[in-house]
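# Below are the sequence and a predicted model; questions follow.
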Amino acid sequence: MKYKYDTKAILTLTLFSVFLTLFTSTRLAAQSKNIDHETFYWLRYSPSFDLGSSWSLKGELEIRRWAFPDRQHQLLVPRVTFVKSLSNGWEIGAGGVYFFQSLPQDGEADIDLTRPEIRPHQDLTMRDKVGNVGITHRYRLEERFIRKTEGTELADGYDFNLRFRYRVQFRIPLNDKSGAGALDFKIGDEIMINAGKDIVRNTFDQNRLYVGIRSKFSSKSNLEADLINWFQQRSNGDDFRSRYILRVTFNQSF
């Protein structure tokens, strides 16, 4: 018998998840006495490779920069995920990213140090459709090995913590095309929670709320443009960053 999703249950879970993440970030923002507002742009290339037998390899190269003034912020070189497609719309994945953070985190200041981070991750993803609306739930666990620093120098060893991420996304077609010329709209939200012995006052890490448009060039390539609000709690627990981001992504399948 072919399994069928309970669409009412999926919609209820989805709406509850969105409400919970927005409520959490809104309450934190209301309690904060200090919120820094910053503007960024992210440029991303995301190739994927069909490996056969329900396996695929997904890559991601991304440059993240302050917009005013133009200055390097972060760099992903690269993120790689091996994905296994299961039945009933489920996928599992595992991979990692080599990540660079420019310090200090102040767009007005010169870069004193670039700190590397090694970040393995594991994913569980569920994809479904309600009518013509695609819904994706992604659960991700990250193990973060962040290089220690002393002043403006890299030190020996790494700090370690875990981060749990949950993302829900809706994708809605804007025309009746499926290949070249197809357009769709997406809206999503992702919440991230820290864990580990060094996490004292910032268990809540960040929330990312985004909307975007995707335009297909063919069945194997498309361009996406997203507007993101990245709301993040700083390690002292009292201060926050509200970041406004334009992200442009070129996706390509092989």
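Structure received. All values reported here derive from a predicted model rather than from experimental measurement.

# What does the pLDDT read for residue 18?
pLDDT for residue 18: 62.

# typo on my end, it should be residue 155
97.

# just so I have it, where are all the strands in the stretch 1-150 of the chain?
Ranges of strands within the stretch 1-150 of the chain are 34-52, 55-66, 71-85, 90-103, 113-130, 133-150, based on DSSP state E, counting those that start in this stretch.

# Flag every buried residue along the shortest one.
What it means is strand 55-66. 56-60, 62, 64-66 (16 or more other C-beta atoms under 10 Å). C-beta here means a position set from N, CA and C on the backbone, and glycine is covered the same way.

# ok, now the fourth one?
Residues of strand 90-103 classed as buried under the neighbour-count rule (16+ other C-beta under 10 Å) are 91, 93, 95-97, 99-102.

# Run the chain-centre distance for it.
Centre-to-centre, strand 90-103 and its host chain are 10 Å apart (C-alpha atoms, centre = their mean, to the nearest Å).

# what does the last one give?
Centroid displacement of strand 133-150 relative to its chain, using C-alpha atoms, centre = their mean, is 8 Å.

# Starting from the next helix-or-strand element following it, tell me which strands it pairs with and how they run.
Downstream of strand 133-150, the next assigned helix or strand under DSSP states H and E is strand 153-173. Take DSSP bridges as the rule and strand 153-173 pairs in its sheet with strand 133-150 (antiparallel), strand 183-195 (antiparallel).

# quick one: strands adjacent to whatever helix or strand residue 252 lives in?
Residue 252 belongs to strand 239-253 when assigned by DSSP H and E. According to DSSP bridges, strand 239-253 forms sheet pairs with strand 34-52 (parallel), strand 221-233 (antiparallel).

# Please tabulate these in a markdown table, including the columns distance to residue 173.
Formatted as a markdown table, these follow (distance: least, C-beta to C-beta, whole Å):
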| stretch | distance to residue 173 |
| --- | --- |
| strand 34-52 | 20 |
| strand 221-233 | 13 |
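
# could you redo those as CSV and give each row mean neighbour count, mean pLDDT and distance to residue 85?
Formatted as CSV, these follow (neighbours: other C-beta atoms under 10 Å; pLDDT from 0 to 100; distance: least, C-beta to C-beta, whole Å):
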stretch, mean neighbour count, mean pLDDT, distance to residue 85
strand 34-52, 14, 95, 10
strand 221-233, 17, 95, 20
